[in-house]
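A predicted structure for the sequence below; I have some questions about it.
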Amino acid sequence: MPDNSFPAAAPSTRSLRLGVAGPVGTGKSSLIATICRSMAGELQIGVITNDIYTDEDARFLRSAGVLPEERIRAVETGACPHTAIRDDVTTNLLAVEDLEADFAPLDLVLVESGGDNLTATFSPALVDAQIFVLDVAGGGDVARKGGPGIARADLLVINKIDLAPYVEVDVEQMVADAVEARDGAPVLALSRKQQDTVDELCAWVRGMVALHRSGLHTPQDPGPMAPHFHADEDGGFVHTHGEGDTVRHQH
């Protein structure tokens, strides 16, 4: 596996740019609203939302009153938002830089992008760190399915855990599957209605801001497709894509 990390940075005076991605409906905008509502008293925050033809997520956040409206801006990509956060980040990067210039100094800029699968990841040219969001209503098995967002985001959030009894999901098992899929990297079970989990989220963000400011955080490129699980009649197999290699299957 190649080292896809960027060189370690010197102490930074610009904002931490934090990507928030995940399938549609997992609660990304709600998570961003929770961060803003909880941390606006200690951090100067801005938000960029991504969608194809609408600014609906930005309007939701503005109406929630979590930040001054002018600090929440929408990027209408005109194409799959994944492309605008991964392949050609120009539009998003300009939006982030304009926001930072207009409200300097900002401590944190949150960049949100949806997607209806598990492959959405941000280029390290756009963000310094990224959160990938799943939710229990998407199914207890989704964390096992892998993908670069699940496997390699700086933090994996399993959202809406208060709904687990209603959708018959075992949160502890889902978290255990996620930890295994991420080789022990951070996993947070979250409900905006459970303050202890909100406190954990804020502590993680606070720690990431501190690491960024000190130059101790190195942005990571999620790299090639992560190993992911395929079900079949025999129970399933793990599908891996080795760089420069043919596809390998592990049962």
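On my side now, so go ahead.

Give me the residues contacting the helix or strand hosting Ala33.
Ala33 is located in helix 28-39, with elements delineated by DSSP states H and E. Contact partners of helix 28-39, identified using Cβ atoms under 8 Å, 6 or more residues apart in numbering, comprise 20-22, 45, 47, 49, 57, 60-61, 64, 66-67, 108, 110, 112, 114, 131, 133, 157, 159, 190, 192, 198, 201-202, 205-206. Every C-beta, even on glycine, is put in place using the N, C-alpha and C of the backbone.

Could you pick out which of these are located in strands?
Judged by DSSP state E, these include 20-22, 45, 47, 49, 108, 110, 112, 114, 131, 133, 157, 159 as members of strands.

Dump these to TSV, plus neighbour count.
Listed next are the ones in strands among the contacts of helix 28-39 as TSV, based on neighbours: other Cβ atoms under 10 Å:
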residue	neighbour count
Val20	27
Ala21	28
Gly22	28
Ile45	25
Val47	26
Thr49	28
Leu108	22
Leu110	27
Glu112	27
Gly114	23
Ile131	29
Val133	30
Val157	28
Asn159	26
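
Dump the residues you listed to TSV, plus distance to Val171 and pLDDT.
As requested, these are exported to TSV (distance: Cβ to Cβ, whole Å; pLDDT from 0 to 100):
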residue	distance to Val171	pLDDT
Val20	21	96
Ala21	21	94
Gly22	17	92
Ile45	29	98
Val47	28	98
Thr49	28	95
Leu108	28	98
Leu110	25	98
Glu112	24	95
Gly114	23	74
Ile131	18	97
Val133	15	96
Val157	12	98
Asn159	11	98
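
CSV for these, including distance to Gly139?
Shown next, in CSV, are the ones in strands among the contacts of helix 28-39 (distance: Cβ to Cβ, whole Å):
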residue, distance to Gly139
Val20, 21
Ala21, 18
Gly22, 14
Ile45, 32
Val47, 28
Thr49, 26
Leu108, 31
Leu110, 26
Glu112, 22
Gly114, 18
Ile131, 20
Val133, 14
Val157, 16
Asn159, 13
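
How far off centre is the lengthiest helix in the chain?
Ranked by residue count and defined by DSSP state H, the top helix of the chain is helix 195-214. Offset of helix 195-214 from its chain centre (Cα atoms, centre = their mean, to the nearest Å): 14 Å.

So which residues of the stretch 101-250 of the chain form helices?
148-152, 164-167, 171-181, 195-214 (DSSP state H, counting those that start in this stretch).

Would you convert the ones you listed into JSON lines that also reports mean pLDDT and mean neighbour count?
JSON lines is the format used below for those (pLDDT from 0 to 100; neighbours: other Cβ atoms under 10 Å):
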{"stretch": "helix 148-152", "mean pLDDT": "90", "mean neighbour count": "23"}
{"stretch": "helix 164-167", "mean pLDDT": "97", "mean neighbour count": "13"}
{"stretch": "helix 171-181", "mean pLDDT": "96", "mean neighbour count": "17"}
{"stretch": "helix 195-214", "mean pLDDT": "98", "mean neighbour count": "16"}
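
wait, which of those helices is closest to Leu93?
Closest to Leu93 of the helices of the stretch 101-250 of the chain, according to Cβ to Cβ: helix 195-214, at 16.9 Å.

what comes into contact with the closest one?
Contacts for helix 195-214 (Cβ under 8 Å, 6+ apart): 9, 11-13, 16, 18, 31, 34-35, 38-39, 42-43, 107-108, 128-129, 154-155, 157, 161, 186, 188-192, 217.

Before I go, just wanted to say thanks for your time.
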